[in-house]
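Enquirer: Output the structure for:
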Amino acid sequence: MPAPSLSLSQRFSAVLARKIVALWPNDTKEWGRAFEAELPEITTPLDSVRWVLGGAILLAKESLRSFMKSLWRPLGVPASDASSSLPKGSGPRPRLPRVLAGIFLLASLAMFCLPEVRASLASSVLFSRMGVREYAHQGKIQKLLAEARTNHDPQLLAFLSLVLYYDADHFQLADKAIRRDPSLTWIDHSEAWWNSRDRDRRHFLSDERIERLQKFDPQNGALYLLTAEVISHPAKAAYFAGPYRSALNETASWELDVAKDPAWLAAMDRVFSAPEFHDYSAKQLALVRQVSERYRLSAADVTDALFAHFWDNGNIKAYCHFLTERGDEAAQNGKWAAAVQNYEKIEKFAEKWAKEEESGPWFAADFGSKVSPKLQAALEASGRSTEAQIAAAHSVRWNEIITARQLKMRQRAPFSWTGPVDAWHASGPNLWLRTEWAGLLINLAVLLILAALPLTIAALFSAGLAPSFSRRILGRFYRVVCWAADAAPTVLLCSFALLLVAYHPYASPLQNGASREDIVAAAMVTGTLPRPVGILVFNLLYMRSRYYFWLGLTAVLSVVVLVLLYRMASKRRIPNQNI
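Expert: Residues are numbered from 1 along each chain as shown. Below is the predicted model:
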């Protein structure tokens, strides 16, 4: 008897049923086959359609259940082994559930997307040695330059003139900023990078710009120091270019030469006689804060803009030597009034300079501590005992400032691996500071990330996407892959967490109202290491970097060759079944 013909809806339902069975999860595939087997028993077209729709809903539920169940199944473990213990002889397999591996990887990726984590990675010791930090810094500066050409922000232009002090165009940036905002005229003093070896005076301010500065703030003696620098520059340049250097205990020959120049003496007299003396460091720091907040800059991005680049105090030192020698000569001749006048001129200038918030007291104490005892002796010799006691108190205060400043520098800005090497070789015990601990943890976290990230990718690929192939190729070494698949994601997450926790206190010092030294310490924290570790890192990365690179590469290749030879030898040791 011929089989009854099926309607179009029944044939369509049969095709859908076969597709549903094909998509059914493997662990409950028998349910899907039972569903398909019962479909021919349904005779009416409408019932067959209903049956197929019910099967589709059941497929969705089973697929969701199987997916949720598979999340807790380790990578490389099939669904058939998920509910039972691993069969004997099946070989090593990962044990970390894939849901945890996915969560660890996503959490690591989320932390990597944080700007402070990427900044700490780029500024670490290893990446700095590779040039990543400088490359990232220059890329950001170029973006700021392009933005400044578009929005013509005077504060941004002034900031860039400070950062690019070594570039020949930094004067043009400063001039554009001043023309758009005359209140920024002081920036010319901060961004001038004067150097005695700059024989062609490429980084000197022009006479017109110096005059504009002095008219902008006629009360500030630091601006008249620029005129003295212009006058003394030829003598200083010739001195430092020549083969002869004066001894440390004698006056430099260029100082003796400029002391004979009436123009230089007049300029320095205006410096010492001006009501104020400051280098606009407070305004400079406020400018850096505003620009960094507006354009989201880190401490490492603004380090070059934090300090005035005209920092050479040679002319001040030379004039202090001139006044001291003149005062000593007057004291030897018993002219105590003249001696007091010369000594007092230095003392009053140091007191003005000490009013500067940050760097002023330290430099002022250096000069004041040398002249105060002489001033005290001259005042006592001239019968002015009350004023002599005041001079003695000033001498004590200068020495206290020097001691406190040295201690403060050690606490806030310890020597880093990029700084002077002599600090590493200091004798005696050396307690590790907070910044040194932070720098050590940051660089340790970076090394762990560099080791765990490729290991995680390789292990998850081998154990998750191609377990059979990897087991066949690696043999017994596949156990190492399984260990890596279990441990590497956890190590990667912990490394990113350690990096974030160690660097976070130093990530935003500009927004937290930190001082200039704190900002510099935050910018250098990723390169600040304890003395023994710093010596080791410096030798590895700078002194003998090529040697250790080739040594490490040779060791890795040797291990690979040994593994391959072992695999080849193990395959040849096949037992003879006929014996």
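
Enquirer: From here on, just use CA atoms for contacts and neighbour counts.
Expert: OK.

Enquirer: And the average pLDDT for stretch 537-556 is what?
Expert: When pLDDT is averaged along stretch 537-556, the result is 75.

Enquirer: Show the end-to-end separation of that stretch, please.
Expert: Stretch 537-556 has an end-to-end distance of 21 Å (Cα to Cα, to the nearest Å).

Enquirer: just the strands in this protein please.
Expert: With DSSP state E as the definition, the chain shows no strands.

Enquirer: in it, which helix or strand is least confident?
Expert: Least confident helix or strand, the chain: helix 467-474 with a mean of 61, by mean pLDDT, DSSP states H and E.

Enquirer: So A381 sits against W336, correct?
Expert: Yes. Using Cα atoms under 8 Å, A381 is in contact with W336, at 7.1 Å.

Enquirer: Show me where the stretch 51-200 of the chain dips below the pLDDT cut-off.
Expert: Low-confidence segments of the stretch 51-200 of the chain, defined by pLDDT under 70: 51-52, 55, 58-59, 61-94, 96, 193-200.

Enquirer: I'd like to know how far the nearest residue to F349 once chain neighbours are set aside sits from L407.
Expert: Leaving aside its chain neighbours, F349 sits nearest to F272 (5.7 Å; criterion: Cα to Cα, 6 or more residues apart in numbering). Distance of F272 to L407, computed by Cα to Cα: 29 Å.

Enquirer: check contacts around L205.
Expert: Under the criterion of Cα atoms under 8 Å, 6 or more residues apart in numbering, the neighbours of L205 are 188, 192.

Enquirer: The protein - how does it break down into domains?
Expert: The record assigns the chain these domain ranges, following automatic domain parsing: 8-71, 100-122+417-529.

Enquirer: Now tell me which of these the model trusts least on average.
Expert: Mean pLDDT is lowest for domain 8-71 among the domains of the chain, at a mean of 65.

Enquirer: Neighbour count for A381 and W336, which is higher?
Expert: For A381 versus W336, neighbours defined as other Cα atoms under 10 Å are more numerous around W336 (23 against 16).

Enquirer: Burial check on the residue nearest to F349, number of neighbours?
Expert: F272, neighbours per other Cα under 10 Å, totals 25.

Enquirer: residues contacting it?
Expert: Neighbours of F272 in contact, by Cα under 8 Å, 6+ apart: 221, 345-346, 349.

Enquirer: Same check on W336?
Expert: Residues near W336 by Cα under 8 Å, 6+ apart: 330, 378-379, 381-382.

Enquirer: residues contacting the closest residue to A502 other than its chain neighbours?
Expert: Excluding the flanking residues, the one nearest A502 by Cα to Cα, 6+ apart is A438, at 5.5 Å. A438 makes contact with 502-503, 525-526 under the criterion Cα under 8 Å, 6+ apart.

Enquirer: Go through those residues and say which is closest to A391.
Expert: V525 (40.9 Å; Cα to Cα).

Enquirer: What segments of the stretch 151-300 of the chain are helices?
Expert: In the stretch 151-300 of the chain, the segments counted as helices under DSSP state H, counting those that start in this stretch are 154-163, 170-180, 187-191, 207-216, 221-241, 253-258, 262-273, 281-295, 299-302.

Enquirer: Can you add distance to E517 and give those helices back as a markdown table?
Expert: Listed next are these as a markdown table, based on distance: least, Cα to Cα, whole Å:
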| stretch | distance to E517 |
| --- | --- |
| helix 154-163 | 17 |
| helix 170-180 | 25 |
| helix 187-191 | 18 |
| helix 207-216 | 27 |
| helix 221-241 | 22 |
| helix 253-258 | 32 |
| helix 262-273 | 27 |
| helix 281-295 | 11 |
| helix 299-302 | 11 |
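
Enquirer: what about the nearest residue to K374 once chain neighbours are set aside, distance to G242?
Expert: Spatial nearest neighbour of K374, excluding adjacent residues (Cα to Cα, 6+ apart): Y343 at 7.2 Å. From Y343 over to G242 the distance is 32 Å, taken as Cα to Cα.

Enquirer: So which of the two has more stuff around it?
Expert: Legend: neighbour count by other Cα under 10 Å for Y343 and G242, higher for Y343 (27 against 9).

Enquirer: Got the confidence number for that one?
Expert: 92.

Enquirer: Same question for K215.
Expert: You'll see K215 listed with a pLDDT of 94.

Enquirer: Also T227?
Expert: Note on T227: pLDDT of 91.

Enquirer: which residues sit in contact with the nearest residue to it once chain neighbours are set aside?
Expert: Spatial nearest neighbour of T227, chain neighbours left out: A267 (6.5 Å); criterion: Cα to Cα, 6+ apart. Counting by Cα under 8 Å, 6+ apart, A267 makes contact with 224-225, 227-228.

Enquirer: which of the residues you listed has the most neighbours?
Expert: In terms of neighbours by other Cα under 10 Å, the contacts of A267 top out with Y224 at 24 neighbours.

Enquirer: Correct me if wrong: that residue contacts Q214.
Expert: Yes. Using Cα under 8 Å, Y224 makes contact with Q214 at a distance of 7.1 Å.

Enquirer: residues contacting I401?
Expert: 361-362, 365.

Enquirer: Would you list the phi and psi of K260?
Expert: The phi and psi values for K260, taken as degrees, to the nearest 10, are phi -90, psi 0.

Enquirer: Which pLDDT value belongs to it?
Expert: pLDDT, K260: 90.

Enquirer: likewise S372?
Expert: The model reports S372 with a pLDDT of 90.

Enquirer: nearest spatial neighbour of it, skipping sequence neighbours?
Expert: S395 is the one closest to S372 (Cα to Cα, 6+ apart), at 5.3 Å.
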